[in-house]
Every structure is written in C-alpha cells, then in structure tokens.
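S.K.: requesting a structural model of the entry that follows:
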Amino acid sequence: MLFTKSCSLIIISAIITVIAIYAILIIFGYLTINLWKKYMYNKEDDIENKEKGSTKSRIHSLDTFRGVIIVMMIFANFGCGDYEYLNHAKWNGLHIADLIFPSFVWIMGVCIPISLTSSFKKKLSNREMILNVLKRSTKLFLLGIFLGSGVDLSYLRIFGVLQRFGIAYFVVCLICIYIMDRTSPDIINEVEEVSSIKLYFSDILRVYMGWIIVIIITAIHTIIVFTVAAPGCPRGYLGPGGLHQNSSYENCIGGATGYIDGLILGNHRYQYPTIYRVYEAKPFDPEGVIGCLTTILQAYLGVQAGVTLLVYKKHSERLFRWLIWGIITGLVGGALCGFSKENGVIPVNKNLWSLSFVLITSCFDFTFLSLCYLLVDHKKKWSGKPFLFAGMNAILMYIGHEMTETHFPIRWYLHNEYSTDIRRTHFVALLSDTWGACFWLLISYYLYKIKYFLVI
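M.R.: Alright, predicted model coming up:
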C-alpha cells in the first residue's frame, strides 16, 4: 500500500514538474512576443485586425476542435509519456488516445455538408463533385500507403489511418451528393406554411434518406460480425485470440473482422498490433476493411452535426440539438456495452471499430464540439488559440509529425550511461512527448502567419 502511494506521488510530481516547465516557457514566450510587437510594430498591424472581414463568419470552434485533436494525436503517437491510461487500450476499453481517430472522422463528417453546400451554390454537376471527391479520397489513400507501408512489398500495408479517412470520405460524400436536400435553409425558415414540427426536425429531414443507407450499412456490419466465423472459431467472437482465454481461440483474433480482413488483405495487414505483446496474437489490422462500415456511421453522425450548423442560426438551437445527439449516442452506446469494459452485447473496442465504440466516441464529439462552440463562437470567452492554428493545417501536421518522428529537435531521447538502453522514465518521456506536440503547434502558428494552408 505504501509502495503504491509512493509511486502515485512520483507520477504526480513528474506531471506537475513538466507542466511547470512548459508553463514557464509559454509565459516567457508570450511576454517576449508582446514586447516585440509593442516596440517593433504599430498596433494596426496586430493579427486580430487582419482577421476582420475575411474570416469573421468562419466557425472557429470547428478549427479549434480539429486542432485539439491533432495535437492529442501527435502526443499519443509520440508515446503519451509512457502512461498506460493515456495510451490506446490493448483491446476492449476506452482510453484518452482512443478518442482521437474517431473524432477526426467525425469532424470530417461535420465539414462535408458545409463543403458540399458551397458546391451546390456554384451549381456544380454531380459528376464534377464526385470527381473532386474521388481525387481527394485517392490522394488520402495513396498518401496513407506512402506513410505507413515500409519497403517490403511482401508485407506492404494497404489499409491505415489515412486510407480509412479516404474511404469514409468518399462514401459519405457520395451519399450526401445524391440525397442531401439542396434547398436553402433560409428559404425553408421563411415559408409560413411549413409546420413547426418540420421546422423543428428540418436538419434531420434534409439528410434522412442518407440515414436509411447508413443504417443498412451498419446492419450489414452487425450481421457479418455475429454470423461469420473463421474455421475453428465460434460465431460472434470479439476477442483478441492468441493467449486470450488460455489460448482457446488462438487463431480467432478479432472474430469475423480479423477473418475477413485476412482473406482480403492477406500479409498486407498490420503485422504488430497493440495486442501482440499481451496476447501474442497474429497479424491484425485495426484499420482494416470491415471496420470501414462503422466508420461510415461515425462520419455520418458528423454530417448530422454539420447540417444542424447550416440549418439553425441561433446558438441555443445548435447547442441543444448537439447535446441531445450526444445524450442519445452515449446512452445507446453504453447500453450496447453494458456500461462496462468487458461486458455487454458489443464491448467498446477501437481495434474492431465496434458499434458501441462509434456511439460512445460520437457522444464525446457532440459534447466537445458544443463546449468549443460555447466558449469560442457563442460566448467568445476563448479565441481557440493556439489550437486554432493547428486545426487550420491539420493534414500538414499529421504528415509532418509522421515523417519527422525520429528527428531532432522534434524528438529526442536520453541513453543510459552504462548501456545501450534508452532511458525513458515517465518524466523524460512526458517532457519529450509534450515538446514534440508543442513543436508542431509552433510550426502551425508560423504557417498561419505566412498564410500557408495545405489542402489535399
């Protein structure tokens, strides 16, 4: 008991020390920048004045949301300070790092109807819009292969994070192009004959046909997961295989998901999944083919939030609907997993991108966007900075941190004086990983200042 308390005190002291170090650096940097502005520039050159007019109608909370998530992703990919509860759950469960990828998918969905509405106003044909979407999806897919494939063609990883983005983006955009109501929301609100019920649910009614398609896709996923079984494996198995349950299902990693992905992808899967060291499981791709089906649901939940943003102009109307969606997704997702880690019909599992995982992480997304919107766009208590800068260049930050992960000064380690082992205590790891994330925040600020924004 005493040992546990002492370990907890050491961990807390390490975290506090790292926070104090960076707080001092941030304060020093802030004072230095302000002194520089005061003596070298006129007040008229202040960046806030430059923003007037061109970006005054921009929803800054969307960029802030995206920025927070990309910084969290960089911190998680760099190691989360080697804290287990911050890093990805090994199989079932939900840690902080597990919120990142689905949140990106969700916020991508939010931006889809906003982007398409602009295309509708330009009167682009369906063919032109589909071609634009296909180009962007292909770029994301190929970029993902480039970043995560390696050099061994026998084990070239075909699917990954950006690849799943590309697939979900293409399918959801395709659905929205064909089913989304293109009538201006302003026109609908001005028509007196429209019933109050239709006005109240007009955001859902604008995309309800898409919901039918997405629900069918989700149902297909559920049927596959609970009816397809690998040879020698039980139907509906959702475990990690390997040593799980005394090696009773050694070759059944991921159940139907792992089996079908294996048939389609073969050796072109992720060879060392997060569960490898725990369960000695065989290759399994957490961003494989079957999980794309529920990822489409995640993106479409984001679409619904984006349509709400387009249809309703009052802050209270937007916030109310987002919070209602958050409550609904949270309760349904919780019911599916039995409000527990291991129990329930469908446990929360990022590796399988389970239905409960999609709903519970979407609950977080609806709630977090509501918070960002309340603080940044409604009450204006926070400008969203510095995360605002990162959110405006999220794809560049993702590519950049992936390609420079092992390069100083972005990453650094200390070696033990008497061995070749890396000395990565929690203090050093947290200091290094936090610095890596902050470094890319500084890069995003510089890119914002020179007005450079990478668009795929």
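S.K.: buried residues in stretch 291-302?
M.R.: 291-302 (16 or more other CB atoms under 10 Å). Any C-beta I mention is one placed from the backbone N, CA and C, and that applies to glycine too.
S.K.: residue 352 belongs to a strand, doesn't it?
M.R.: No. Under DSSP: H, G, I helix; E, B strand; the rest coil, residue 352 falls outside any strand and is assigned coil.
S.K.: that one reaches residue 291, doesn't it?
M.R.: Yes. If you go by CB atoms under 8 Å, residue 352 and residue 291 touch, sitting 6.5 Å apart.
S.K.: joint contacts of these two?
M.R.: The overlap between the contact sets of residue 352 and residue 291 (CB atoms under 8 Å, 6 or more residues apart in numbering) consists of residue 257.
S.K.: ok, residue 274 to residue 290 distance?
M.R.: According to CB to CB, to the nearest Å, residue 274 stands 18 Å off from residue 290.
S.K.: quick one: which of these two has more around it?
M.R.: Under the criterion of other CB atoms under 10 Å, the comparison of residue 274 against residue 290 puts residue 290 first, with 24 against 19.
S.K.: centroid-nearest residue for this structure?
M.R.: Central residue of the chain (CA atoms, centre = their mean): residue 104, 2.6 Å from the mean position.
S.K.: looks to me like that one is in a strand.
M.R.: No. Going by three-state DSSP, the assignment for residue 104 is helix, not a strand.
S.K.: domain map for this structure?
M.R.: The chain breaks down into these domains under automatic domain parsing: 1-57, 91-386.
S.K.: could I get those as a markdown table with mean pLDDT and distance to residue 395?
M.R.: Listed next are those as a markdown table, based on pLDDT from 0 to 100; distance: least, CB to CB, whole Å:
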| stretch | mean pLDDT | distance to residue 395 |
| --- | --- | --- |
| domain 1-57 | 53 | 19 |
| domain 91-386 | 90 | 9 |
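S.K.: can you convert these into CSV and add a column each for distance to residue 432?
M.R.: Shown next, in CSV, are the domains of the chain (distance: least, CB to CB, whole Å):
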stretch, distance to residue 432
domain 1-57, 10
domain 91-386, 17
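S.K.: closest one to residue 82 among the ones you listed?
M.R.: Closest approach to residue 82 among those is made by domain 1-57 (10.5 Å; CB to CB).
S.K.: the closest residue to residue 336 other than its chain neighbours sits in which helix or strand?
M.R.: Leaving aside its sequence neighbours, residue 336 sits nearest to residue 356 (CB to CB, 6 or more residues apart in numbering; 4.0 Å). Counting by DSSP states H and E, the element that carries residue 356 is helix 355-372.
S.K.: now residue 400
M.R.: Using DSSP H and E, residue 400 maps to helix 394-403.
S.K.: the stretch 201-350 of the chain: strands as residue ranges?
M.R.: Counting by DSSP state E, counting those that start in this stretch, the stretch 201-350 of the chain has no strands at all.
S.K.: how about the helices in it?
M.R.: All helices of the stretch 201-350 of the chain, identified by DSSP state H, counting those that start in this stretch, fall at 202-205, 208-227, 244-247, 255-265, 276-279, 291-311, 315-336.
S.K.: packing partners for the longest one?
M.R.: I take that to be helix 315-336. Judged by 3 or more CB pairs under 8 Å, 6 or more residues apart in numbering; DSSP states H and E, helix 315-336 is in contact with helix 291-311, helix 355-372.
S.K.: before we move on, the earlier item: nearest residue to the residue nearest to the centre of the chain in space, please, no chain neighbours.
M.R.: Counting by CB to CB, 6+ apart, residue 104 lies nearest to residue 69, which is 5.8 Å off, once chain neighbours are set aside.
S.K.: which residues touch that neighbour?
M.R.: Per CB under 8 Å, 6+ apart, neighbours of residue 69: 100, 103-104, 107, 394.
S.K.: quick check: the gap between it and residue 116.
M.R.: The value you get for residue 69 to residue 116, if CB to CB is used, is 22 Å.
S.K.: check residue 330 too.
M.R.: Applying CB to CB, the value for residue 330 to residue 116 is 28 Å.
S.K.: over to residue 401?
M.R.: 29 Å.
S.K.: equivalent analysis for residue 319, please.
M.R.: Distance from residue 319 to residue 116, counting by CB to CB: 23 Å.
S.K.: which of those two has more neighbours?
M.R.: Neighbours per residue, other CB under 10 Å: of residue 319 and residue 116, the larger number sits with residue 116, 21 against 18.
S.K.: give me the element the more buried one is part of.
M.R.: Counting by DSSP H and E, residue 116 is part of helix 100-121.
S.K.: count the residues that sit near the residue nearest to residue 273 when sequence neighbours are not counted.
M.R.: Once flanking residues are discounted, residue 273 sits nearest to residue 284: 4.5 Å by CB to CB, 6+ apart. Neighbour count for residue 284, taken as other CB under 10 Å: 25.
S.K.: could we number from 691 for the rest of this?
M.R.: Okay, using 691 as the starting number, the last item reads as residue 974.
S.K.: quick check: residue 974 touching residue 1041?
M.R.: Yes. With contact defined as CB under 8 Å, residue 974 reaches residue 1041; the gap is 7.0 Å.
S.K.: what sits in contact with each of those two?
M.R.: Common neighbours of residue 974 and residue 1041 (criterion: CB under 8 Å, 6+ apart): 944, 963, 965.
S.K.: check contacts around the second one.
M.R.: When you say that, I think you mean residue 963. 971, 973-976, 1041.
S.K.: so which of these is the most crowded?
M.R.: residue 1041 (29 neighbours).
S.K.: got the contact list for it?
M.R.: Contacts of residue 1041 by CB under 8 Å, 6+ apart are 781, 930, 944, 963-965, 974, 976.
S.K.: what sits against the spatially closest residue to residue 954 that is not a sequence neighbour?
M.R.: Distances taken as CB to CB, 6+ apart place residue 979 nearest to residue 954, at 5.3 Å, with adjacent residues excluded. Taking CB under 8 Å, 6+ apart, we find residue 979 in contact with 849, 950-951, 954-955.
S.K.: what is the nearest of the contacts of residue 963 to residue 827?
M.R.: Distances from residue 827 to the contacts of residue 963, taken by CB to CB, are shortest for residue 975, at 18.9 Å.
S.K.: how close does the closest residue to residue 998 other than its chain neighbours sit to residue 1000?
M.R.: The shortest distance from residue 998 to any non-neighbouring residue, by CB to CB, 6+ apart, is to residue 893 (4.5 Å). Noted for residue 893: a distance of 8 Å to residue 1000, by CB to CB.
S.K.: who has more neighbours, the two?
M.R.: More crowded of residue 893 and residue 1000, by other CB under 10 Å: residue 893, with 23 against 17.
S.K.: isn't that one right next to residue 993, touching?
M.R.: No. Checked against CB under 8 Å, the pair residue 893 and residue 993 is beyond contact range at 10.3 Å.
S.K.: and the helix or strand hosting residue 1078, how far out from the chain's middle?
M.R.: Per DSSP H and E: residue 1078 is located in helix 1077-1081. Distance, stretch centre to chain centre, for helix 1077-1081: 14 Å (CA atoms, centre = their mean, to the nearest Å).
S.K.: residues in contact with that helix?
M.R.: Counting by CB under 8 Å, 6+ apart, 750, 752-758, 760-761, 1074, 1087, 1130-1131, 1134-1135, 1137-1138 sit against helix 1077-1081.
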